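Engineer: quick one, structure for this:
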Amino acid sequence: MQVTVNHNFFGTITYTESFWTGKKEIYFGQFPLVKQSKNTYLMPGGDPNAVVTVKGNFLTGVSLVLGSETIRLTPAPKWYEWVLALLPLIFICVWGNSVPLCMIFPIVGGALGGAIGGLAFVFGLLFMKKTERIAYKLLIGLGIFVAAVLLCNALAIAIIGSMI
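Structural biologist: Residues are numbered from 1 along each chain as shown. So this is what the prediction gives:
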């Protein structure tokens, strides 16, 4: 994931974060910042007082803190994005651990259902952050919800079928 922001004083700021490893790179113009620790970087030029601190990540919103100034690079998720992303996890955990509900519509719960719900949460939030329109965010959230529930249902049917 790469974000480019134009700042009045610092010019073009480019922030890159790897989804899989979490590795971050920051460029002010074409000059890379030197990594000092996990979330602390030094400005080009070697001034030890020019420290840039990275707050957050792509899923929760990224901002850079330079002294008393905060530069927002990516927005934090809205409340409805959190709700839509958490919906599959909550539904699978509640429905999958209720015997009367699973007699109506079987889905796996427990660790397997929780893992599928957790992956649906992360991917739902990731895909919703990549689009701007609210209608698309709703469709993405509901689509991932349906896909996660159907996957849990297919696994439950396969497990039940192997027992017979």
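
Engineer: CA only for contacts and neighbour counts going forward, please
Structural biologist: OK.

Engineer: which residues of the protein score low on pLDDT?
Structural biologist: 46-49 (pLDDT under 70).

Engineer: quick one, strands of the protein?
Structural biologist: Applying DSSP state E to the chain gives strands spanning 2-7, 11-17, 24-28, 31-32, 34-35, 40-42, 51-55, 63-66, 69-72.

Engineer: partner strands of the first one and their direction?
Structural biologist: Here strand 2-7 is paired, per DSSP bridges, with strand 11-17 (antiparallel).

Engineer: got the CA positions of the strand it pairs with in CSV?
Structural biologist: Output of strand 11-17 as CSV, limited to C-alpha atoms (Å, rounded to 0.1, in the frame of the first residue of the first chain):
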residue,chain,number,x,y,z
GLY,A,11,6.4,18.9,-0.1
THR,A,12,5.6,15.4,-1.3
ILE,A,13,5.4,12.8,1.4
THR,A,14,5.3,9.2,0.2
TYR,A,15,4.4,6.4,2.7
THR,A,16,4.7,2.7,1.8
GLU,A,17,3.6,-0.2,4.0
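
Engineer: put together JSON lines for the strands of the chain, with mean neighbour count and distance to residue 104 on each row.
Structural biologist: As requested, the strands of the chain are exported to JSON lines (neighbours: other CA atoms under 10 Å; distance: least, CA to CA, whole Å):
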{"stretch": "strand 2-7", "mean neighbour count": "14", "distance to residue 104": "45"}
{"stretch": "strand 11-17", "mean neighbour count": "17", "distance to residue 104": "43"}
{"stretch": "strand 24-28", "mean neighbour count": "19", "distance to residue 104": "47"}
{"stretch": "strand 31-32", "mean neighbour count": "15", "distance to residue 104": "57"}
{"stretch": "strand 34-35", "mean neighbour count": "17", "distance to residue 104": "55"}
{"stretch": "strand 40-42", "mean neighbour count": "19", "distance to residue 104": "52"}
{"stretch": "strand 51-55", "mean neighbour count": "19", "distance to residue 104": "45"}
{"stretch": "strand 63-66", "mean neighbour count": "18", "distance to residue 104": "47"}
{"stretch": "strand 69-72", "mean neighbour count": "13", "distance to residue 104": "47"}
